[in-house]
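>>> One predicted model, sequence on top.
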Amino acid sequence: MTKFSLTNALFTGFKERKSPFDLEIPDSFNGKVIVFCHGFMGYKDWGCWNLVQEHFVNLGFGFCKYNVSHNGGTVENPIDFSDLDSFAQNTYSGEIEDLNALLATLPLHIKMPYEVCLIGHSRGGGTVLLSSHLPAVKAISTWAAISSIEKRFPKGFELTRWKNEGVRYVRNGRTHQEMPQLYRLYEDFVANAERLNIQLACEKMTIPALIIHGEKDSSVTLSEGESLCHWLNVGLVRIENADHTFCSSQPWKNSKMPNELMEVCKITADFFLTH
């Protein structure tokens, strides 16, 4: 039994757009609330993320996972991407604004003292690293995190074509959708280059950080995790035989997580409990 649980509650994020979040606080609450930030073309109910929530709650953690406001989902359909117009409007600084808005919403629901620990997967790992300076945040763990936003952009002719056409399309290999990205995504990065510099955020970080990466990650290479650890002056936790999602997938029909993702959860839980 839980102290309380919310599913698809709403917060108001970037550009005043409402987006869903889940929040669960167990009876055996240890005073730490984990906020989980999904990655690019992700959402809070993807794959094993519900099992991840269950795992941490069973250990006494509060757990909150949310949809980035412009991830392409809607309040009515938070799974997959029924609103490509909103996806096109997304920006990196907007995702940071979403996390700020969510953290500001939590005290409306949690009426007891708590500390915030952040987990970010992939692009979400970049978001939590860039938010490490927030007073509420006491510790961070990244799972297969990106080390640079700038590296995500095309260069040369492809960048010029994107500017001239105003939009480019990125194929979603799972849903087979052509996901639009407006050129303003790049303009937002240029305008906020210092704020969106992950290396700078890492070098300034004063809270504990745990960096985890799969050894067989082909989406965000192991070298990016190594860069994060170099800037943070911490060791990299490598998960043997693990890919970008630690051997989980969407849909996930098994009642248990894959061993690789379970290992990630156990290591992260131990880290948050000791820090």
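Nice, I can see it.
>>> Strands of this structure, start to end?
All strands of the chain, identified by DSSP state E, fall at 2-12, 18-26, 32-37, 62-66, 115-121, 137-143, 167-171, 178-182, 209-214, 236-239.
>>> now the ones you listed in CSV, with mean neighbour count, mean pLDDT and distance to V52?
(C-beta placed from N, C-alpha, C; glycine too.) Output for the strands of the chain, formatted as CSV (neighbours: other Cβ atoms under 10 Å; pLDDT from 0 to 100; distance: least, Cβ to Cβ, whole Å):
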stretch, mean neighbour count, mean pLDDT, distance to V52
strand 2-12, 14, 93, 15
strand 18-26, 21, 98, 11
strand 32-37, 24, 98, 7
strand 62-66, 26, 98, 8
strand 115-121, 25, 98, 8
strand 137-143, 25, 98, 10
strand 167-171, 14, 98, 26
strand 178-182, 16, 98, 24
strand 209-214, 25, 98, 13
strand 236-239, 18, 98, 14
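>>> and those strands as JSON lines, adding distance to T221?
What follows is those, written out as JSON lines (distance: least, Cβ to Cβ, whole Å):
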{"stretch": "strand 2-12", "distance to T221": "33"}
{"stretch": "strand 18-26", "distance to T221": "30"}
{"stretch": "strand 32-37", "distance to T221": "20"}
{"stretch": "strand 62-66", "distance to T221": "26"}
{"stretch": "strand 115-121", "distance to T221": "15"}
{"stretch": "strand 137-143", "distance to T221": "14"}
{"stretch": "strand 167-171", "distance to T221": "18"}
{"stretch": "strand 178-182", "distance to T221": "22"}
{"stretch": "strand 209-214", "distance to T221": "9"}
{"stretch": "strand 236-239", "distance to T221": "12"}
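>>> Can you report how many residues neighbour K204?
Per other Cβ atoms under 10 Å, the neighbour tally for K204 reads 11.
>>> Spit out the contact partners of the nearest residue to it once chain neighbours are set aside.
Spatial nearest neighbour of K204, excluding adjacent residues (Cβ to Cβ, 6 or more residues apart in numbering): H133 at 7.0 Å. Neighbour list for H133: A201, K204, M205 [criterion: Cβ atoms under 8 Å, 6 or more residues apart in numbering].
>>> same question, C48
S248, W252, M257, P258, L261.
>>> Name the nearest residue to the fourth one, ignoring sequence neighbours.
It stands for P258. Nearest residue to P258 in three dimensions, chain neighbours excluded: C247, at 3.9 Å (Cβ to Cβ, 6+ apart).
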